[in-house]
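S.K.: Take this sequence and fold it.
(one chain, ligands or ions: 2)
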Amino acid sequence: MRLRRAFLYAPADDLHKIEKACTLKADCICVDLEDAVSSLKKEEARLNAAHALGTFDFGKSERLVRINAPSTSFFMPDLRIVVDAIPDGIVIPKVEDAETLQYVDGFLEAFEGKKELPVGLIRLIAIIETASSFVNLKEICASTPRLSALVFGAEDLAVSLGARRSAAGQEVFYARSQLVLFAAAYGLDAIDLVCNNYRDAEVIRTEAAQGAQLGYCGKQVIHPNQIPIVQDAFSPTTEEMERARRIMEEYEQRMEDGKGALGMRGSLVDMPVYRQARQLLEKAQLIQSW
Ligand code: COA
Ligand code: MG
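M.R.: Ligands and ions are numbered 1, 2, ... in the order given. Coordinates of the predicted model:
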């Protein structure tokens, strides 16, 4: 289990932003060759990405790169160039079927074999963001053990559906829930939608809290302002940790006395509540050691 709370994009045509990203302590840095880069600058950006991934110090941040979509002519050249920098993971947008991931898996396996690297070293992360992606989600999730996370792309999904985006986001809520459910079923991390508003802290705080509530492990971010807010939202608070410790202590004590359930301050504590508390404290421990 690794932390993926703030998943920061840094446009590959802007070396200053990638350099800066390396100083921001985001859990993941995703150097972006796709939508942050104009089609006129794809080649220059590809070389920048390989250079940055190969030479910059990313600290503890996961070193990721988002290549262009499988349906574009940039996809294979991107893959061939960025793989040489041996990123921690390759993020593939607009994944619509299992075969695409299996093809990339085979490509990476051949590369790892040639370089005498452990097979599976380079992880895959799939962005789920079209109607077809959702229809084929089960097969996508089961496509390869190299797949490590699913990312929810709300803006492209809205295009695919012909939906109108709203602040409340009810037009993408079914898909947002579906993604986190499939990710959990297949042992994958789920990373929530981008909040395009990067000036209003309250807007991102509310949206990040919703994602954490649904079971997402983190959120895509596009601006330095959003990182601490998102990291906070996906980290247990001191009160939550204290409550979880109390629940664990009292429940374990009662179990020894042969009881399966107890009341604590007017609220039922039974096995699922105990397991939620344990899960929360495991996450807190991971954050402490990050
Ligand atoms: N990664 C790293 N650094 C970033 C950053 C990012 N995503 N976004 C902004 N910064 C830096 C700026 O370079 C600037 O640095 P400086 O003070 O050293 O000059 C500082 O943070 C403040 O930036 P600001 O002036 O507020 O924003 P901007 O006008 O430079 O950029 C955006 C605004 C939206 C263009 C920019 O945040 C961005 O490019 N985000 C990523 C977009 C993207 O990747 N989209 C595709 C994925 S959805
Ligand atoms: Mg997208």
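S.K.: Return the residues of the stretch 51-200 of the chain in contact with ligand 1.
M.R.: Contact residues (Cβ under 6 Å from any ligand atom) of the stretch 51-200 of the chain with ligand 1: Val194. For glycine as for every other residue, the C-beta is placed from the backbone atoms N, C-alpha and C.
S.K.: which residues in the stretch 51-200 of the chain form strands?
M.R.: Residue ranges of the strands in the stretch 51-200 of the chain, as given by DSSP state E, counting those that start in this stretch, are 62-66, 89-92, 123-128, 147-152, 189-192.
S.K.: Of those strands, which is nearest ligand 2?
M.R.: strand 123-128 (5.9 Å; Cβ to the ion).
S.K.: chain center to the closest one: distance?
M.R.: Mean-position distance between strand 123-128 and its chain equals 9 Å (Cα atoms, centre = their mean, to the nearest Å).
S.K.: In TSV, list the strands of the stretch 51-200 of the chain along with mean neighbour count.
M.R.: Putting the strands of the stretch 51-200 of the chain into TSV (neighbours: other Cβ atoms under 10 Å) gives the following:
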stretch	mean neighbour count
strand 62-66	24
strand 89-92	24
strand 123-128	24
strand 147-152	25
strand 189-192	25
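S.K.: tell me what the worst-scoring helix or strand of the chain on mean pLDDT is packed against?
M.R.: Ranked by mean pLDDT, DSSP states H and E, the weakest helix or strand in the chain is strand 262-264, scoring a mean of 92. On a contact count with 3 or more Cβ pairs under 8 Å, 6 or more residues apart in numbering; DSSP states H and E, strand 262-264 meets helix 238-256, strand 267-269.
S.K.: Show me what that strand pairs with in its sheet, parallel or antiparallel.
M.R.: strand 267-269 (antiparallel) (DSSP bridges).
S.K.: and this protein, which residues reach ligand 2?
M.R.: Glu129, Gly153, Asp156 (Cβ under 5 Å from the ion).
S.K.: hmm, who's touching stretch 27-35?
M.R.: Stretch 27-35 is contacted by residues 2-12, 18, 21-22, 42, 45-46, 48-49, 52-53, 58, 61-69, 74, 78, 82, 91, 93, 218, 231, 290 when judged by Cβ atoms under 8 Å, 6 or more residues apart in numbering.
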